[in-house]
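> Provide a 3D model corresponding to the input given below.
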Amino acid sequence: MARRPQDSNPFGDDDDDDSFNPFSSPEHVPLANSRLKPLPPEPVDYNRDTTVEIPLDFSKDLKKKEMELQAKENELKKREEALKRKEDIIARAGIVIEEKNWPPLYPIIHHDITNEIPVHLQKLQYVAFATYLGLVLCLVWNFLAVSVAWSKGNGVKIWLLAIIYMIAGVPGAYVCWYRPLYRAMRTDSALKFGWFFLVYVFHIAFCCLATIAPPIFFDGNSLTGILSAVDFSSGSSLVGFFYIVGCVFFAIESLTSIWVIQQVYLYFRGSGKAAEMKREAARTMAAAL
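Numbers count the residues shown, from 1 in each chain. So this is what the prediction gives:
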């Protein structure tokens, strides 16, 4: 049997430079980069001679807009200068512009104790403001308590009186005594202090009357005083509870208001405003004669 000739090793070393053995040592591996030809560069498709035409009207429009902006800026400067002159005139005349800033969510009054009231009077002013808010709470709670009593069949008269107390008392207290005290503290005016004392006495008298709620002048059950609370406690525990809480509110309001008027009077006497008020009253009487 004829022996098949042995195939030569395809990966063996050979004198031919084109032979390549991938399993041979690195020094026998020919450099592949020496046989790769670089790719020809791709032509860039643009024209250096192409020009972008900018219309001449664009520069004119730009200058026109700059002139319009300059004119608007000059107009705003003139308005600011005019407004500043008006503010200076108002400040020299002593007129105070009160911007509404309280309550924060829906401002309806001007109130800025920190920036407008002297530091040594701020605590007293805050307590006075607390008595105003306390009166609002008392009148609102009084209305709720009387409404509960009315729902239990105690007549509509006391309910109507409670509405009158609340509608008249909340804005009336602010206009009649709190705002005069605020302005008196801010401007140190003797006449405004005098007006505050005159009206605040009636405020304290009303709070003391509401704490007791005697059946005089008006129907006693229209106020959540101690007598009304005792009267309703025997009939309805719910109505009695509302009236007792209202009585406590009015009692606290009365005591706090008495403290406020005492402190304001001490400051009024100590600062010499009492003597100044007497001199102003004397001058007024002499001018009238």
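
> now the helices for this structure?
56-93, 113-116, 119-151, 157-173, 179-187, 190-212, 226-233, 237-270, 273-288 (DSSP state H).

> Out of those helices, the one nearest L105 is which?
Across those, the minimum distance to L105, taken as Cβ to Cβ, is reached by helix 119-151, at 15.4 Å. Where C-beta positions appear, they are placed from N, C-alpha and C, glycine not excepted.

> on contacts alone, who are the packing partners of the closest one?
Packing partners of helix 119-151 (3 or more Cβ pairs under 8 Å, 6 or more residues apart in numbering; DSSP states H and E): helix 113-116, helix 157-173, helix 179-187, helix 190-212, helix 237-270.

> now the angle from the fourth one to helix 157-173?
To tie it back to what came earlier, the one meant is helix 190-212. 160 degrees (axes from the mean of the first three to the mean of the last three Cα atoms, to 10 degrees).

> Spit out the contact partners of W195.
Applying Cβ atoms under 8 Å, 6 or more residues apart in numbering to W195 gives the contacts P180, A184.

> Tell me who's in contact with P214.
G220, G225, L227.

> shouldn't F242 be in contact with S228?
No: with contact defined as Cβ atoms under 8 Å, F242 does not count as touching S228 (10.1 Å).

> The two: which is more packed in?
S228 (29 against 21; other Cβ atoms under 10 Å).

> Determine which of the helices and strands packed on helix 119-151 approaches K84 most closely.
helix 113-116 (20.7 Å).

> which helices and strands does the closest one pack with?
helix 119-151.

> so what's E280 closest to, chain neighbours aside?
Nearest residue to E280, sequence neighbours excluded (Cβ to Cβ, 6 or more residues apart in numbering): A190, at 6.3 Å.

> how much space between the one you found and V260?
Separation of A190 from V260 (Cβ to Cβ, to the nearest Å) stands at 18 Å.

> can you check K72 too?
54 Å.

> Which one of those two is surrounded by more residues?
For K72 versus V260, the count of surrounding residues by other Cβ under 10 Å is larger for V260: 23 against 10.

> Torsion angles phi and psi at the residue nearest to the spatial centre of the chain?
The centre of the chain sits closest to P104, judged by Cα atoms, centre = their mean, with a distance of 3.7 Å. Phi and psi for P104, reported as degrees, to the nearest 10, are phi -60, psi -40.

> residues contacting it?
Neighbours of P104 in contact, by Cβ under 8 Å, 6+ apart: none.

> Next, count neighbours for Q125.
Around Q125 there are 23 residues (other Cβ under 10 Å).

> I'd say it and D112 touch.
No: between Q125 and D112 there is no contact under Cβ under 8 Å: 10.7 Å.

> Where does pLDDT dip in the stretch 1-150 of the chain?
For the stretch 1-150 of the chain, applying pLDDT under 70 flags the ranges 1-58, 91-96.

> For stretch 241-255, which outside residues touch it?
Under Cβ under 8 Å, 6+ apart, the answer for stretch 241-255 is 131, 134-135, 137-138, 141-142, 144-145, 148-149, 204, 207-208, 210-211, 213, 223-226, 228-229, 232-233.

> From those residues, list just the buried residues.
Those of the contacts of stretch 241-255 that meet the buried threshold are 131, 134-135, 138, 141-142, 144-145, 148-149, 204, 207-208, 210-211, 213, 223-226, 228-229, 232, by 16 or more other Cβ atoms under 10 Å.

> on that earlier part again, tell me which of the helices of the chain sits nearest to E99.
helix 113-116 (11.4 Å).

> Enumerate the positions of that closest one that are buried.
So for helix 113-116, counting by 16+ other Cβ under 10 Å, buried means I113, E116.

> then that helix to CSV, C-alphas only?
Extracted C-alpha coordinates of helix 113-116, given in CSV (Å, rounded to 0.1, in the frame of the first residue of the first chain):
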residue,chain,number,x,y,z
ILE,A,113,-44.7,97.8,65.6
THR,A,114,-41.0,96.7,65.1
ASN,A,115,-40.1,99.5,62.7
GLU,A,116,-42.4,102.3,63.9
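
> Give me the contact list for that helix.
By Cβ under 8 Å, 6+ apart, helix 113-116 touches Q122, Q125, Y126, F129, R186.

> And I117, how close does it get to S189?
13 Å.

> again, but for A173
Distance from A173 to S189, by Cβ to Cβ: 20 Å.

> Kindly report the same for M166.
Taken as Cβ to Cβ, the span from M166 to S189 is 30 Å.

> and A288, how many neighbours?
Neighbour tally, A288, other Cβ under 10 Å: 6.
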